[in-house]
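J.: have a look; sequence and predicted model below, questions after that.
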Amino acid sequence: MKNKIFLFFLAVSVPLSFNISAQPLATFPNDPVLKAMQDELQRNFDGLRISENLRIPYSESWGLLSQPSPESDKFRETPNAADRAPRDSAIMPGGPANHPYFVSYTIDIYKTFKAAATFGKMADEGSSSFSRGEVDLRIGDYSLDNTPEGRWRHRSGGYQSNIPAEADYWGLRKSLWWQSDMAFKRAIEQYSRKKMLMKTKKRREPLDDLSREKPHRFFQQGPEEKLEWDKIKDILKDVSRLFREYPRIDRSQAEARVQFKKHYFVSSEGSANRIFDSFGSISVEMSGLTDNGLMLKDGFSVDYRSGDDRETMIKKARQEIDKFCAQLKAPPMEDYFGPVLLEGQAAAEFVVQTIVPLMQAERDPVSDYEYADNTSSDLKKWLNKRITAPHISLTDDPTAMVFEKDSLGGHYQVDDEGMPGRKIALIEKGILKTFYMSRSPIEKIYGTNGHLRNGQLMPGNLFLSSSKGLSQKKLLKTLEKLCKEKGNDYGIIVKRLEPQKYSLGYLDATLKALEAYKYDLKTKQLTLVRNLVLRDVSRRTLRDIYRTGKQPMVYNSRIGSGVQSEAFAVITPDILLDQIEASGPSEVGSQPPFLKNPFFEK
């Protein structure tokens, strides 16, 4: 009863602490999954305790909790052994950390349809269901809990496991009960280590382990699942059949994927949500040999929405295949240092791979043994200082759904922690204002802005803008001027970069171009080159953004692997870099096939 009163008080008092008029929380819908999560969360929050008869001394070497055996001779012969072992009163029975102060449950249910085709015929087809439950359980309090230090510390080390895919009330509760028990035992050990660590380390400024936030609820109504699977398979076969027209391409495969996702979240603070999502795409992978036997690989993906026109999708696919065949015939790139103009998709991927990792700040680790691969660690000291040209601004707005006439893939309601996605100004007129934040505070910044998704801090809809945007004609003139200043007789224009697929948390020093051109200053002609790589990319590359175009382009993409991927969008004009190193990798070819593809010999 005591804990139930605490929960009610928290739900009422938190909105008041934000100096905002309290808004009534949405009522839970009649949903068996939410009901099972709600009931089991309340049971574990109230019931998980270290029993009164449990004695919990520390192991002096590791700080692990262990229960000595009553039959131990050493324990019997030394009456004061338990007293000599250092003990943390917080996790002893009756202590403030011998029960959870925060618990959240997340359940994701996926239904996926996949098919593959090659050379116009189906190669594979199937469907699968996958469900995952996650328990985030914390002991201690908001200022210090069992959360591990270091990178990705917004995860408390909670327990994950597969759960029933069907809405079975008792099956779900059983899974959540087991995960909660495992998470509680793990939390006790983690908290013990953390307390020992914090006795020997000291931060420059105190940091809470979890920010206090206003509870938020959002319950989406279940949409009708439209599959159109037969139509998608027909398009898939037609796309793969296109390769019968391209003898230069040795290997090719097309894959279609349609996925439906149900996401559920509840927490002991009163937050809860239910989200439905779906997406469909047709992706292609292809490879071929250049004249000197070098193997080149490329690929593309075309989003599918209900009612999409078949001919339009086939046309897009053909355009991408034609571009790749042109790459196979193009001359290799030589070493280059000078200005580079990034257009369309290349500009967007440049933002994704060089700027987004810098916007994911993590707190400084307190232990030398903790993993702290923090790309933006050096950037935190530049908060409220200039980091790029004064005409550049960067804003993220996950609440936006459309830009002009283009839909934005990065629109979402809530993040992994149940917090609403908020519009934030990351960079204003060249000055760094904030970072993507979860509920894990960092130095100088407290509180979430709702950008923790798929286990990582990431963008929703990211807008790059410039107060000095130039028309396409003036942008080319500026490229020419910079080339002449550096003594170059040509510049580089990149139209496509290899996309980042799995993680946005790391800044790679190289960016591989999939479509790049040499721009001759005299003839104004473009010459396609292959294997161009932009090198020595770092946070200092931000300072090399010289000018941008005027007209932004919408680029929708996804990050993650398999079913666990999240959509985002980048809206940016073309970007002109003042100077950057570019070169081609070593071209060591191999012998072409001894015989030709039999299809093209008939």
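T.: Happy to help now that I have it. Numbers count the residues shown, from 1 in each chain.

J.: against residue 476, how distant is residue 525?
T.: 12 Å (Cβ to Cβ, to the nearest Å). Glycine gets a C-beta too; all of them are placed from N, C-alpha and C.

J.: same thing with residue 558?
T.: 32 Å.

J.: and what of residue 337?
T.: Distance, residue 337 to residue 476, by Cβ to Cβ: 20 Å.

J.: which of those two has more neighbours?
T.: Comparing residue 337 with residue 476 by other Cβ atoms under 10 Å, the one with more neighbours is residue 476, at 18 against 14.

J.: distance of residue 173 from residue 269?
T.: Separation of residue 173 from residue 269 (Cβ to Cβ) stands at 21 Å.

J.: out of these two, which sits in the busier spot?
T.: For residue 173 and residue 269, the more surrounded residue by other Cβ under 10 Å is residue 269, and the numbers stand at 21 against 17.

J.: identify the spatial nearest neighbour of the more buried one, chain neighbours not counted.
T.: Among residues not flanking residue 269 along the chain, residue 215 sits closest, at 5.2 Å (Cβ to Cβ, 6 or more residues apart in numbering).

J.: where does the one you found land in three-state SS?
T.: Secondary structure state of residue 215, per DSSP: H, G, I helix; E, B strand; the rest coil, is coil.

J.: check whether it really touches residue 25, as I assumed.
T.: Yes. Here residue 215 reaches residue 25: they are 6.1 Å apart, a contact under Cβ atoms under 8 Å.

J.: which one's more surrounded, the two?
T.: residue 215 (19 against 15).

J.: any chance you could read off phi and psi for that one?
T.: For residue 215, the backbone dihedrals (degrees, to the nearest 10) come out as phi -60, psi 150.

J.: show me the shaky parts of this structure.
T.: 1-23, 52-94, 96, 150-161, 224, 306-307, 367-378, 585-589, 602 (pLDDT under 70).

J.: how is it partitioned into domains?
T.: Recorded structural domains for the chain (assignment: automatic domain parsing) are 23-103+135-208, 336-363+371-583.

J.: so which of the ones you listed is the most packed in?
T.: When the domains of the chain are scored by mean count of other Cβ atoms under 10 Å, the highest mean neighbour count falls to domain 336-363+371-583 (a mean of 19).

J.: quick one, phi psi at the residue nearest to residue 132 when sequence neighbours are not counted?
T.: Excluding the flanking residues, the one nearest residue 132 by Cβ to Cβ, 6+ apart is residue 108, at 5.0 Å. Reported as degrees, to the nearest 10, the phi and psi values for residue 108 are phi -120, psi 130.

J.: give the contact list for residue 108.
T.: 131-132, 261-264 (Cβ atoms under 8 Å, 6 or more residues apart in numbering).

J.: which ones among those residues are found in strands?
T.: Counting by DSSP state E, the part of the contacts of residue 108 found in strands is 131-132, 261-264.

J.: find the nearest non-adjacent residue to residue 489, please.
T.: residue 521 (5.7 Å).

J.: scan this protein for its longest helix.
T.: Across the chain, the longest stretch assigned as helix under DSSP state H is helix 169-200.

J.: right, and the helix or strand after that helix?
T.: Going down the chain from helix 169-200, the next helix or strand is strand 217-219, by DSSP states H and E.

J.: list the buried residues of that following strand.
T.: Buried positions in strand 217-219, judged by neighbour count with 16 or more other Cβ atoms under 10 Å: 217, 219.

J.: roughly how far apart are residue 108 and residue 566?
T.: Residue 108 is 12 Å from residue 566, by Cβ to Cβ.

J.: wait, I meant residue 548
T.: Using Cβ to Cβ, residue 548 is found at 27 Å from residue 566.

J.: with residue 143 instead?
T.: As judged by Cβ to Cβ, residue 143 and residue 566 stand 31 Å apart.

J.: what do you get for residue 415?
T.: Residue 415 sits at a distance of 10 Å from residue 566 (criterion: Cβ to Cβ).

J.: now do the shared contacts for the two.
T.: Here residue 415 and residue 566 have residue 453 as joint contacts, going by Cβ under 8 Å, 6+ apart.

J.: could you pull out the strands in the stretch 251-400 of the chain for me?
T.: 272-289, 295-304, 336-342, 392-396 (DSSP state E, counting those that start in this stretch).

J.: list of residues touching the last one?
T.: When you say that, I think you mean strand 392-396. With contact meaning Cβ under 8 Å, 6+ apart, strand 392-396 is reached by 355, 359, 423-430, 436, 451, 459-467, 545, 548.

J.: so what strands line up beside that strand?
T.: Strand 392-396 has the following strand partners under DSSP bridges: strand 424-428 (antiparallel), strand 461-466 (antiparallel).

J.: past the last one, which element shows up next along the chain?
T.: Read that as strand 461-466. As assigned by DSSP H and E, the chain's next helix or strand after strand 461-466 is helix 472-485.

J.: using CSV, write out every CA atom in that next one.
T.: Provided in CSV are the C-alpha atoms of helix 472-485 (Å, rounded to 0.1, in the frame of the first residue of the first chain):
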residue,chain,number,x,y,z
GLN,A,472,22.9,25.9,-58.4
LYS,A,473,24.6,28.2,-60.9
LYS,A,474,26.3,30.3,-58.2
LEU,A,475,27.3,27.2,-56.3
LEU,A,476,29.2,25.9,-59.3
LYS,A,477,30.8,29.3,-59.8
THR,A,478,32.0,29.2,-56.2
LEU,A,479,33.3,25.7,-56.7
GLU,A,480,35.3,27.0,-59.7
LYS,A,481,36.7,29.9,-57.7
LEU,A,482,37.9,27.7,-54.8
CYS,A,483,39.5,25.3,-57.3
LYS,A,484,41.5,28.1,-59.0
GLU,A,485,42.6,29.4,-55.6
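
J.: which elements pack onto it?
T.: Under the contact criterion of 3 or more Cβ pairs under 8 Å, 6 or more residues apart in numbering; DSSP states H and E, helix 472-485 touches strand 336-342, strand 490-497, strand 545-548, strand 575-583.

J.: can you lay out those strands as a markdown table showing distance to residue 330?
T.: Putting those into a markdown table (distance: least, Cβ to Cβ, whole Å) gives the following:
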| stretch | distance to residue 330 |
| --- | --- |
| strand 336-342 | 15 |
| strand 490-497 | 13 |
| strand 545-548 | 27 |
| strand 575-583 | 15 |
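
J.: so which of these gets nearest residue 516?
T.: Nearest to residue 516 among those is strand 490-497; the distance by Cβ to Cβ comes to 4.7 Å.

J.: off-centre distance for the longest helix of the chain?
T.: Centroid separation for helix 169-200 versus its chain: 25 Å, with Cα atoms, centre = their mean, to the nearest Å.

J.: likewise stretch 267-286?
T.: Here stretch 267-286 is found 12 Å from its chain centre; the criterion is Cα atoms, centre = their mean.

J.: report the buried residues of that stretch.
T.: 267-275, 277-284, 286.

J.: who touches residue 432 in this structure?
T.: Applying Cβ under 8 Å, 6+ apart to residue 432 gives the contacts 379, 382-387, 426.

J.: make it 10 Å
T.: Each residue near residue 432 by Cβ atoms under 10 Å, 6 or more residues apart in numbering is listed here: 358-359, 361, 376, 379-388, 394, 426, 542.

J.: with adjacent residues omitted, what lies nearest to it?
T.: Spatial nearest neighbour of residue 432, chain neighbours left out: residue 387 (4.9 Å); criterion: Cβ to Cβ, 6+ apart.
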